[in-house]
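> Attaching a predicted model along with its sequence, questions to come.
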Amino acid sequence: MALIVQKYGGTSMGSVERIKNVAQRVKRWHDHGHQIVVVVSAMSGETNRLIDLAKQVSAKPDPREYDQMVSTGEQVSIALLAMALKDLGVNAKSMTGGQVAIRTDSSHTKARIQHIDDSQIRSALDANMVVVVAGFQGIDDHGDINTLGRGGSDTTGVALAAALSADECQIYTDVDGVYTTDPRVTPKAKKLAKITFEEMLEMASLGSKVLQIRAVEFAGKYHVPLRVLSSFDEDVDGSFDDTFRQTVGTLITTDEGDTMEQPIISGIAFNRDEAKIVVRGVADRPGIASAIISPVSQANIEIDMILQNLSSNGSTDFSFTVNRGDYDKAMQILQEHLAEIGGKEIVGDNKVVKVSLVGVGMRSHAGVASQMFQTLAENNVNIQMISTSEIKISVVIQEQQLEKAVKALHTAFGLDRDDGESKVAGL
Ligand code: ADP
Ligand code: ASP
Ligand code: MG
């Protein structure tokens, strides 16, 4: 029999009815004799509600207190699910991150898991219990609660699966797998039976929030078999047999398969959380990039794409993108440093998005960029910035053109499903 870690996200835990459904599903797996550890998120909307509360009380909430509070959503979920399981006759026990002893560093709001003590979970499993663990949280050396960043319950699931050497980590969500692009943007998106870790990592880091990036990193590093599947699909009976393994959801694998058969593009990711900042009229001299970027990075603001224009008369424009949430702060810092940098003015646009083509097959094919740019041009989409790597090409475009761009690229790169439109559960 297998040891399986199942993670249920916010929508899957979104109401009393859904929590009872999750309990039924967990029971089916447990009834098949598997050892089951469940990781849950807060009920949908709850984490946002808590964050909003904190912001109403304080413009800059204290990070320790912030984590103390936003982690409570998961504590409610674990207890509710454990109650529902007990009502079904399943011996279950809920545990917070601290109770398990999921040790993290002390970087509040974006902590990293450092160590998991699996002894309590193992003894509960040996006693035939289902253990329900709060996602998104851990405890540091001072005994303080730390959260793992938005979407962090995925990482809790994968980290527990690694610590327990589980047979599989199953990420149950509101879509039935990883698609060629977000099925909410185009109903022509196709479900992928498999995707490589490398591609999934790229998709996640470029904005596909179906899996948190750290979860994919962790799974790749510790070889955790990882599957994304739907918590709404009623067909699965809980047997971990070949049919299940080969047909249900999307498996994230290390196997690149036969590169000859590899599609050039596996998926299209996008990120709506982008903002662009341009420092105009700076001197084209050594050290200018560092003079602009350093004060921004020192404020812990991550910089993504960078573009320096050709200079004319020794003066140039320097552009970069940041997360939209950091836009105001970055603009303010640069204004304060403008005299020192020696620039003319700073202009910004927080209504831009990044669209990226991802695929390991791109390595062996030239011409992907030109086809991408041509498709966007034909659709009157203006490209503001471009960045490339071996397996992805990203462009920054205007926010209002996002859907049009994704749909056009999806069709142009042959990703559209051939049987019409998708019927994703929960959509
Ligand atoms: P959960 O609450 O279960 O963690 P999330 O909302 O974090 O769920 O992630 C699931 C969502 O990810 C889907 O509803 C879908 O809109 C979005 N998504 C983005 N890109 C993709 C993709 N390539 N494939 C599937 N879903 C995607
Ligand atoms: N509840 C947390 C969030 O909304 C963690 C998660 O859902 O994975 O970000
Ligand atoms: Mg999520």
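Perfect, thanks for sending it. Numbering: from 1, shown residues only. Ligands and ions are numbered 1, 2, ... in the order given.
> alpha carbons only for contacts and neighbour counts from here, please
OK.
> Number of residues surrounding residue 19?
Per other CA atoms under 10 Å, the neighbour tally for residue 19 reads 24.
> just checking, it touches residue 13?
Yes - counting by CA atoms under 8 Å, residue 13 is a contact partner of residue 19 at 5.1 Å.
> need the next SSE after the helix or strand that contains residue 376, C-terminal direction.
Counting by DSSP states H and E, the element that carries residue 376 is helix 368-378. The helix or strand immediately downstream of helix 368-378 is strand 385-389, counting by DSSP H and E.
> List the neighbouring strands of that following strand plus their orientation.
Strand pairing for strand 385-389, determined by DSSP bridges: strand 392-398 (antiparallel).
> okay, residue 418: pLDDT?
Residue 418 carries a pLDDT value of 83.
> all numbers from here: first residue = 93
Sure thing, new numbering starts at 93, so read that last one as residue 510.
> Number of residues surrounding it?
By other CA under 10 Å, 10 other residues sit near residue 510.
> Show the backbone phi and psi for it.
Per-residue torsions, residue 510: phi -90, psi -10 (degrees, to the nearest 10).
> what does residue 121 give?
With angles defined as degrees, to the nearest 10, residue 121 sits at phi -70, psi -40.
> One more: residue 418?
Dihedral angles (degrees, to the nearest 10) for residue 418: phi -100, psi 0.
> Mind telling me what element the closest residue to it other than its chain neighbours is part of?
Leaving aside its sequence neighbours, residue 418 sits nearest to residue 393 (CA to CA, 6 or more residues apart in numbering; 6.6 Å). Residue 393 belongs to no helix or strand when elements are defined using DSSP H and E.
> Contacts only, for residue 393.
414, 418, 422 (CA atoms under 8 Å, 6 or more residues apart in numbering).
> okay, now the second one: neighbour count?
What that stands for is residue 418. A count of nearby residues for residue 418, using other CA under 10 Å, gives 19.
> and if you look at residue 458?
The number of residues near residue 458, taken as other CA under 10 Å, comes to 10.
> sec struct for it, please.
Here residue 458 is recorded as coil under DSSP: H, G, I helix; E, B strand; the rest coil.
> Looking only at the helix holding residue 468, what residues are buried by neighbour count?
Residues 460-461, 464-465, 467-468 are the ones in helix 460-470 that count as buried (16 or more other CA atoms under 10 Å).
> Arrange those in TSV, one row each, with pLDDT as further columns.
Shown next, in TSV, are these (pLDDT from 0 to 100):
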residue	pLDDT
460	92
461	93
464	96
465	96
467	97
468	98
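> Nearest residue to the middle of this structure?
Central residue of the chain (CA atoms, centre = their mean): residue 304, 2.7 Å from the mean position.
> what residues are up against that residue?
Contacts of residue 304 by CA under 8 Å, 6+ apart are 242-244, 246-247, 296.
> how close does the residue in the stretch 293-442 of the chain that ligand 2 sits nearest to get to residue 242?
Among all residues of the stretch 293-442 of the chain, residue 304 sits closest to ligand 2, at 7.9 Å; criterion: CA to the nearest ligand atom. In this view, residue 304 and residue 242 are 8 Å apart by CA to CA, to the nearest Å.
> same check, this time on residue 447
Taking CA to CA, one finds residue 447 at 21 Å from residue 242.
> more crowded one of those two?
residue 447 (24 against 14).
> How many residues are close by the residue nearest to that one when sequence neighbours are not counted?
Spatial nearest neighbour of residue 447, chain neighbours left out: residue 362 (4.3 Å); criterion: CA to CA, 6+ apart. Counted by other CA under 10 Å, the residues lying close to residue 362 total 26.
> Would you check that residue 362 makes contact with residue 300?
Yes - shown here, residue 362 and residue 300 form a contact pair, counting by CA under 8 Å, at 6.6 Å.
> Going along the chain, name the helices of the stretch 343-492 of the chain.
380-390, 419-433, 460-470 (DSSP state H, counting those that start in this stretch).
> The ones you listed: which one's closest to residue 357?
The minimum distance between residue 357 and these falls on helix 460-470, with 8.7 Å, by CA to CA.
> okay, residue 516: pLDDT?
Per-residue pLDDT puts residue 516 at 61.
> show me what contacts residue 125?
93-94.
> what do you get if the cut-off is 7 Å, keeping everything else the same?
With contacts defined as CA atoms under 7 Å, 6 or more residues apart in numbering, the neighbours of residue 125 are residue 93.
> and if you look at residue 305?
293, 296-297.
> What backbone torsions are found at it?
Here is the backbone geometry of residue 305 (degrees, to the nearest 10): phi -60, psi -40.
> helix or strand for residue 248, which one?
Applying DSSP H and E as the criterion places residue 248 in helix 245-255.
> who touches that helix?
97-99, 131-133, 208, 210, 227-228, 261, 303-304, 306-307, 310-311, 314, 316.
> Go through these and flag which are in strands.
97-99, 131-132, 208, 261 (DSSP state E).
> and of those, the nearest to ligand 1?
Closest to ligand 1, out of all of the ones in strands among the contacts of helix 245-255 and judged by CA to the nearest ligand atom, is residue 99, at 8.3 Å.
> Look at that closest one and say how many residues are nearby.
If you count neighbours by other CA under 10 Å, residue 99 ends up with 28.
> So what sits opposite it in the bridge?
Bridge pairing for residue 99 (DSSP bridges) gives the partners residue 131, residue 263.
> hang on, it packs against residue 129?
No - if you go by CA atoms under 7 Å, residue 99 and residue 129 don't touch, sitting 8.5 Å apart.
> Name the helix or strand for residue 501, please.
helix 494-504.
> quick one on the thing from earlier: tell me which of the contacts of residue 393 has the lowest pLDDT.
Here the lowest pLDDT out of those sits on residue 418, with 93.
> So the closest residue to residue 355 other than its chain neighbours versus residue 312, what's the distance?
Excluding the flanking residues, the one nearest residue 355 by CA to CA, 6+ apart is residue 453, at 5.7 Å. Using CA to CA, residue 453 is found at 19 Å from residue 312.
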